[in-house]
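*Asks:* model this:
(2 chains)
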Amino acid sequence: GIQVEQSPPDLILQEGANSTLRCNFSDSVNNLQWFHQNPWGQLINLFYIPSGTKQNGRLSATTVATERYSLLYISSSQTTDSGVYFCAVSGYSTLTFGKGTMLLVSP
Amino acid sequence: KAGVTQTPRYLIKTRGQQVTLSCSPISGHRSVSWYQQTPGQGLQFLFEYFSETQRNKGNFPGRFSGRQFSNSRSEMNVSTLELGDSALYLCASSLVGSQETQYFGPGTRLLVL
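*Replies:* Modelled structure (predicted):
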């Protein structure tokens, strides 16, 4: 199956800083999603982005499908951005998740 | 539209018991997938149902089973619970399958004692 690697595994930022999270995948994909898991376990959709670039407020994402990676940018981070960020991909079958990046934003 | 709902939210069971978890997808969504999340293994796919048929199955023992009803609601059952089954069980729904946006419910936290 498709392998998904996320980096860095952990990230600590001060409020207001910017960050870039990376997701590498081993095969071509038809679906790539970024999620934020809040402290209560809820997975919140951030982006559906199998290719191209999207922006939503302080967050943006870029997927370069031909090079098999995706980047999630967080600008002007806030304490509420803390949590775990997951990248998940699927080819023609099921969604495979990376191990996530745990982000802690301190005031 | 209401989001994906899961019941119960929390559950405590003892080894050897069985448990049934329920998931109601977003209205109009016909695909429901189940995932298990543990600290050691991360998020792992259990199975996917579409139009009352199991379409995909992950690498879990036969103690894990599921079904989907005609209204797209889904249940998963775990029989003969083991300590290692303690996990967050997440359900996701989509219109037709894993190649499109998946929407997750809040999860059911299962603790097996």
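*Asks:* got phi/psi on A:L103?
*Replies:* Backbone torsions of A:L103, given as degrees, to the nearest 10, read phi -110, psi 130.
*Asks:* who's in contact with the residue lying closest to it once chain neighbours are set aside?
*Replies:* The spatially closest residue to A:L103, leaving aside those adjacent along the chain, is A:L11, at 5.0 Å (Cβ to Cβ, 6 or more residues apart in numbering or on different chains). All C-beta spots, glycine's among them, are computed from the backbone N, C-alpha and C. Applying Cβ atoms under 8 Å, 6 or more residues apart in numbering or on different chains, we find A:L11 in contact with A:S19, A:L21, A:T101, A:M102, A:L103, A:L104.
*Asks:* pretty sure B:Y103 contacts B:C91?
*Replies:* No - using Cβ atoms under 8 Å, B:Y103 is not in contact with B:C91, being 9.6 Å away.
*Asks:* right, and A:L43 touches B:C91 too?
*Replies:* No - applying Cβ under 8 Å as the test, A:L43 and B:C91 come out as separate, 10.4 Å apart.
*Asks:* now list whatever residues contact both of the two.
*Replies:* With Cβ under 8 Å, 6+ apart, A:L43 and B:C91 have common neighbours B:F104.
*Asks:* and the strands in chain A, which stretches?
*Replies:* Using DSSP state E, the strands found in chain A span residues A:4-7, A:10-14, A:19-25, A:31-37, A:43-48, A:52-56, A:59-64, A:69-74, A:83-90, A:96-97, A:101-106.
*Asks:* so how far is the fourth one from its chain's centroid?
*Replies:* Relative to the mean C-alpha coordinate of its chain, strand A:31-37 is positioned 6 Å out (Cα atoms, centre = their mean, to the nearest Å).
*Asks:* so which elements touch it?
*Replies:* strand A:19-25, strand A:43-48, strand A:69-74, strand A:83-90 (3 or more Cβ pairs under 8 Å, 6 or more residues apart in numbering or on different chains; DSSP states H and E).
*Asks:* ok, back up a step: for PyMOL, what selects the buried ones among the contacts of A:L11?
*Replies:* To isolate the buried members of these in PyMOL, using 16 or more other Cβ atoms under 10 Å in any protein chain shown:
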select buried, chain A and resi 19+21+101+103
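*Asks:* export the contacts of A:L11 to CSV and tack on distance to B:K57 and pLDDT?
*Replies:* Listed next are the contacts of A:L11 as CSV, based on distance: Cβ to Cβ, whole Å; pLDDT from 0 to 100:
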residue, distance to B:K57, pLDDT
A:S19, 37, 97
A:L21, 30, 98
A:T101, 29, 98
A:M102, 30, 97
A:L103, 33, 97
A:L104, 36, 96
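*Asks:* returning to that earlier point: right, and the helices and strands packed on strand A:31-37 - which one's nearest B:Q18?
*Replies:* Between B:Q18 and the helices and strands packed on strand A:31-37, the tightest spacing by Cβ to Cβ is seen for strand A:43-48, at 26.2 Å.
*Asks:* check contacts around residue 95.
*Replies:* All of this is about chain A. A:N31, A:Q33, A:A88, A:V89, B:S33, B:F45, B:A92, B:S98, B:Q102.
*Asks:* look at chain B instead
*Replies:* Per Cβ under 8 Å, 6+ apart, neighbours of B:L95: B:G28, B:H29, B:R30, B:S31.
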